[in-house]
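Trainee: model this:
(one chain, ligands or ions: 1)
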Amino acid sequence: MISLNSKTTFIVENTDNKKLDKIFLVIKGEELLIDNVSQNLALIDNEQYKWSEMSVKTEHFIGYLDSNSLYALELEDESSLMAETSLKPFRTLLGIIPDIYFGICSRSIQLVEWNKKSKYCGVCGSETSMHSIEKAMFCKECNNLIYPRISPCIIVLVTDKERLLLAHNKGFPGKMYSTLAGFIEVGETVEETIKREIFEEVNIKVKNCQYYGSQSWPFPSQLMLGFHAEYDGGELKPDGDEIDIADWFHYQSLPEVPPGSISISGRLIESYVNKLTKKDLPGFT
Ligand SMILES: [Zn+2]
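Mentor: Model (predicted):
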């Protein structure tokens, strides 16, 4: 198995023009092939692939991993696995595998899924095939191109000085709280989405939205755009539909929240608490 280190770089690319030595990661649905010994992603080279006796349905170029071309292999349902490996759902690896692995797994799973769901043209219904140059499925009957899609979402930590607004979504397990989030609708700006979503979900207004960072979230194909925002009035009232509980929490007594190692929600919370702890928040007294 091939191990990555903290200096490994991954570059997203759609066409393998360099044709370097190949490295493979292996996917079946939302599961990834794991090395039983290291409990990390099993990355294999050409020789290991050749002797593995795995049955592969499709093969997808993902990008360049240092001086290698990285490919994702989609396993047939009945395929055998290599010795000393097993399949594990991607979700269970969150927070365990390092960031570099998260990025390549996220891209691989999404591309395999897109390929699977784009077998037929949405315009004329004909069968499609992979375009020779573009990362797209192509309909030769009507020239329709189907590119991989991502759905942009906003995720926002609303604060009021020492207090953080956190919510419990009906779908969350137990007493887990998180920041507010929602999909960007067609025709909307990001700023409009933030104001609309927060008002819809908890009935308050916000101001001073500041971009923090983003995260690819492949469940199924989202791009989370993280923001900090300040409370600007209104009475807190969860919509009762998506959000069943929403409350203000002092930064020193937070409920159970996602860790920063797993999600951008956790990183938004951690970054704000760090700011308060250092007492360098602009305008904070
Ligand atoms: Zn067509």
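Trainee: surely Glu200 is within a strand?
Mentor: No: applying DSSP: H, G, I helix; E, B strand; the rest coil, one finds Glu200 to be helix, outside a strand.
Trainee: so who does it touch?
Mentor: Contact analysis of Glu200 by Cβ atoms under 8 Å, 6 or more residues apart in numbering lists 182, 239. The C-beta positions use only the backbone N, C-alpha and C, and glycine is treated the same way.
Trainee: and with 10 Å instead?
Mentor: Glu200 sits next to 180, 182, 239, 241-243 when contact means Cβ atoms under 10 Å, 6 or more residues apart in numbering.
Trainee: please pick the buried ones from the residues you listed.
Mentor: Buried by 16 or more other Cβ atoms under 10 Å: 180, 182, 242-243, out of the contacts of Glu200.
Trainee: next, give me the two most distant ones among those.
Mentor: Farthest pair in the buried ones among the contacts of Glu200 (Cβ to Cβ) is Gly182 and Ile243. Separation: 10.5 Å.
Trainee: common neighbours of those two, please.
Mentor: Taking Cβ under 10 Å, 6+ apart as the criterion, Gly182 and Ile243 both touch 200-201.
Trainee: for Ile27, which three-state class applies?
Mentor: strand.
Trainee: what do you get for Leu276?
Mentor: What three-state DSSP gives for Leu276 is helix.
Trainee: was I right about it contacting Lys161?
Mentor: Yes: taking Cβ atoms under 10 Å as the definition, Leu276 is a contact partner of Lys161 at 8.5 Å.
Trainee: which one of those two has more residues nearby?
Mentor: More crowded of Leu276 and Lys161, by other Cβ atoms under 10 Å: Leu276, with 17 against 14.
Trainee: ok, the more buried one - contacts?
Mentor: For Leu276, the contact set (Cβ under 10 Å, 6+ apart) comprises 159, 161-162, 164, 250-252, 284.
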